[in-house]
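# Below are the sequence and a predicted model; questions follow.
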Amino acid sequence: MQIRISNSDGIPIYRQIVNQVKYLVAAGRLTAGDQLLPVRSLAEQLVVNPNTVARAYRELESSGVITSRQGSGAFVSVNGSPLAKSEKRKLLQDRVDLLLAEADSLDVDVATVVKLVRDRSRSLKSE
Amino acid sequence: MSEVIVEFDRLSRSFGKEQALSDVTLRFERGLVHGLVGENGAGKTTLIRHILGLLKAKQGSVRVFQFDPVRYPKEVLGRIGYLSEDRDLPDWMTVVQLMRYSQAFYGGWDETFAEQLRDQFELDPMQQIKKLSRGQRARAGLLMALAHRPDLLILDEPSSGLDPVVRRDILSAIIRSVADEGRTVLFSSHLLEEVQRVADRVVLLHHGRVGLNGPLPEILLEHIRLVLRFDVPQQTQPDLPGVISWQGAGREWTVLCNGGVEELRTAASNCGAQIVDEGTPTLDEIFLARASS
């Protein structure tokens, strides 16, 4: 489980951990039944506060991504996949939002952007 | 309600004409890392000296483990580990002499833990304190602050002038202290990146007053950085509600604001501006914005 903490913006660390674990699940790099590092080990590895890691795990548990079993640690949930799908969408959605904002400030309309996306997809596939 | 370890109630302090602390009311709770930030001279060290009983509360009160630290120094100091910026250590002793000396002083000294730290920090027991490098001196100070397993660990600008490896040791010590049986940490620093990394709560002192005091994630999420683009160039800072600081010229301005984005958005569009970028500022940016406002 590779997680990187960035200090270059103000996104709270617990959120960075939540987002990255969700991303790892969505990308299939963590699968159902995989065990997450214990709170203390992850805190020491990332050099962050253990309370922060505990908070991230609580959020991941309440959103159903992980299940914690008393005494044996936290595991990726079996029903992680439907969530993975919506997470995939959300990841792309953030990118699309950026693309649209950029297009707007360059005065390029949505139809042109959509056409560009199709063209690029075609040319990438043919490579 | 969690246990209160340190409590300041309307503490004020002046040195001559200089007002060092004004009406400070704060609580530090058990098991949390409290980051204390502020410019030089904002009152951080004065606050810490009150916890250690080195200064007596003249106006207001200070309680540490529910004791007055000036009247009950033994009850208070025996449970505190303290590392200061100047790392005041007896130069003439060797590392092992200093360890034995501290062991005699602190009831709760854990010999095995002390030895483990000495080994981990690669401190030569026969080396004289005077001859230690800056980083090794800081590690020796850290060992002395940790080995009696204090309930409250106080670090006053521990990282200043140290290389990243030693700074990492200090941060790891903070993390381990909290992970072990929920000890409490008070950590003052001007390296806000470090504070952002390890603090649960942040107190910002500004000219001796409490400027901000709250959980770090909430402080970060409450502040927003926006880039505004105006239809016409602005000669002076535009007048918009909720803005803490402005930066820019002409058509593009960056603002840092505290919540109320919707209100700001409306106000901005009313004066012919649109939001072209939005982001969460770092603690450093928030600190600078507040210090200059």
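Noted; the coordinates are in hand.

# okay, CA-based contacts and neighbour counts for the rest of this
Fine.

# Quick one: the helices in chain A, in order.
Ranges of helices in chain A, per DSSP state H, are A:13-26, A:39-46, A:50-62, A:80-105, A:110-126.

# swap that for chain B, sorry
Under DSSP H, chain B gives helices at B:44-51, B:73-77, B:95-105, B:111-120, B:134-146, B:164-179, B:192-198, B:216-222, B:261-270, B:283-292.

# Give me the angle between the longest one and helix B:111-120.
What that stands for is helix B:164-179. 160 degrees (axes from the mean of the first three to the mean of the last three CA atoms, to 10 degrees).

# about what we covered before: lowest average pLDDT across the helices of chain B?
Mean pLDDT is lowest for helix B:261-270 among the helices of chain B, at a mean of 82.

# From the chain's centroid, how far away is that helix?
34 Å (CA atoms, centre = their mean, to the nearest Å).

# for that helix, packing partners?
In terms of contacts (3 or more CA pairs under 8 Å, 6 or more residues apart in numbering or on different chains; DSSP states H and E), helix B:261-270 is packed against strand B:273-279.

# Buried residues in stretch B:105-114, which are they?
B:106, B:109, B:114 (16 or more other CA atoms under 10 Å in any protein chain shown).

# Among the residues you listed, which one lies nearest to chain A?
residue B:114 (19.5 Å; CA to the nearest CA).

# so who does the nearest residue to that closest one once chain neighbours are set aside touch?
Distance criterion CA to CA, 6 or more residues apart in numbering or on different chains; nearest residue to residue B:114, sequence neighbours excluded, is residue B:147 at 5.0 Å. Residue B:147 makes contact with B:109, B:110, B:111, B:113, B:114, according to CA atoms under 8 Å, 6 or more residues apart in numbering or on different chains.

# wait, doesn't the second one sit right on residue B:150?
In other words, residue B:110. No - using CA atoms under 8 Å, residue B:110 is not in contact with residue B:150; the gap is 10.5 Å.

# what's the burial count for the residue of the stretch 151-293 of chain B found nearest chain A?
Nearest residue of the stretch 151-293 of chain B to chain A, counting by CA to the nearest CA: residue B:282, 3.9 Å away. Residue B:282 is flanked by 24 other residues according to other CA atoms under 10 Å in any protein chain shown.

# helices and strands of chain A: which one has the lowest mean pLDDT?
Least confident helix or strand of chain A, by mean pLDDT, DSSP states H and E, is helix A:80-105 with a mean of 77.

# So which elements touch it?
Counting by 3+ CA pairs under 8 Å, 6+ apart, helix A:80-105 packs on helix A:13-26, helix A:110-126.

# From the chain's centroid, how far away is it?
Using CA atoms, centre = their mean, the offset of helix A:80-105 from its chain centre is 11 Å.

# Please apply the same query to stretch B:56-74.
On the basis of CA atoms, centre = their mean, stretch B:56-74 sits 21 Å off its chain's mean C-alpha point.

# winner for burial among the helices and strands packed on helix A:80-105?
Across the helices and strands packed on helix A:80-105, the average number of neighbours (mean count of other CA atoms under 10 Å in any protein chain shown) peaks for helix A:13-26, which reaches a mean of 20.

# pLDDT of that helix, averaged?
For helix A:13-26, the per-residue pLDDT averages 91.

# residues near residue 95, how many?
I went with chain A, as the question did not name one. Around residue A:95 there are 11 other residues, counting by other CA under 10 Å.

# I was after chain B.
23.

# shouldn't it be in contact with residue B:124?
Yes - Residue B:95 is in contact with residue B:124 according to CA under 8 Å; the separation is 7.0 Å.

# Could you pick out the residues of the stretch 101-250 of chain B near chain A for me?
B:168, B:171-172, B:175-176, B:178-179, B:193, B:196-200, B:216-217, B:220-221 (CA under 8 Å from any CA of the partner chain).

# if we can go back for a sec, same list (the helices of chain B) but as JSON lines, adding distance to residue B:252.
Putting the helices of chain B into JSON lines (distance: least, CA to CA, whole Å) gives the following:
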{"stretch": "helix B:44-51", "distance to residue B:252": "37"}
{"stretch": "helix B:73-77", "distance to residue B:252": "54"}
{"stretch": "helix B:95-105", "distance to residue B:252": "58"}
{"stretch": "helix B:111-120", "distance to residue B:252": "52"}
{"stretch": "helix B:134-146", "distance to residue B:252": "45"}
{"stretch": "helix B:164-179", "distance to residue B:252": "37"}
{"stretch": "helix B:192-198", "distance to residue B:252": "27"}
{"stretch": "helix B:216-222", "distance to residue B:252": "23"}
{"stretch": "helix B:261-270", "distance to residue B:252": "12"}
{"stretch": "helix B:283-292", "distance to residue B:252": "18"}
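
# which one of those lies closest to residue A:65?
Comparing these against residue A:65 with CA to CA, the closest turns out to be helix B:216-222 (21.4 Å).

# Flag every buried residue along the closest one.
By 16+ other CA under 10 Å, the buried positions in helix B:216-222 come out as B:216, B:217, B:219, B:220, B:221.
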